[in-house]
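[1] No sequence on hand, only this structure:
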């Protein structure tokens, strides 16, 4: 018997994700990987830039992922927003977290602010309002007293 709610998950080609998803999510997810194929590495001043992506190969791992929905664009955008919005993952800054508890607290606060207090340009409201979790834009004071 299949679970009542399944969702589709796509990761990059990092091999440890396969065993982790199978162990933790088991039959609750349709899982695929989008494996990027890179061109030759660059020399000179561009050597610190990533190599050019020449192809992306979708690989169905488990369940029944919809092939047209195998994509990592959403999480890549989320990762960019996180890196630009908070500097905790940037190792050479003053805000770099050395303790897991500090990192967890910083991320929790950032996600709460991002979803409840920040007006998103394309939505014109917060994601929490769009999903029906709240009927108003929260202030930072609302967030800290919730």
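    That came through fine. Here the structure is a predicted model, which means the values were calculated and not measured.
[2] tell me the contacts of residue 51?
    38-42 (CB atoms under 8 Å, 6 or more residues apart in numbering). Any C-beta I mention is one placed from the backbone N, CA and C, and that applies to glycine too.
[3] among those residues, which are in strands?
    Taking DSSP state E, the ones among the contacts of residue 51 that sit in strands are residue 38.
[4] Tabulate the contacts of residue 51 in JSON lines, adding columns for pLDDT, neighbour count and distance to residue 55.
    Below are those laid out as JSON lines (pLDDT from 0 to 100; neighbours: other CB atoms under 10 Å; distance: CB to CB, whole Å):
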{"residue": "38", "pLDDT": "88", "neighbour count": "11", "distance to residue 55": "9"}
{"residue": "39", "pLDDT": "88", "neighbour count": "10", "distance to residue 55": "9"}
{"residue": "40", "pLDDT": "84", "neighbour count": "8", "distance to residue 55": "14"}
{"residue": "41", "pLDDT": "77", "neighbour count": "11", "distance to residue 55": "16"}
{"residue": "42", "pLDDT": "71", "neighbour count": "13", "distance to residue 55": "18"}
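[5] mind giving me TSV with the contacts of residue 51 and columns for distance to residue 116?
    Formatted as TSV, the contacts of residue 51 follow (distance: CB to CB, whole Å):
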residue	distance to residue 116
38	38
39	42
40	45
41	43
42	42
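[6] hey, where'd the helices end up in this protein?
    16-24, 73-85, 100-112, 127-130, 140-145 (DSSP state H).
[7] Give me whichever of those helices is most buried.
    Stretch with highest mean neighbour count among the helices of the chain: helix 127-130 (a mean of 16; mean count of other CB atoms under 10 Å).
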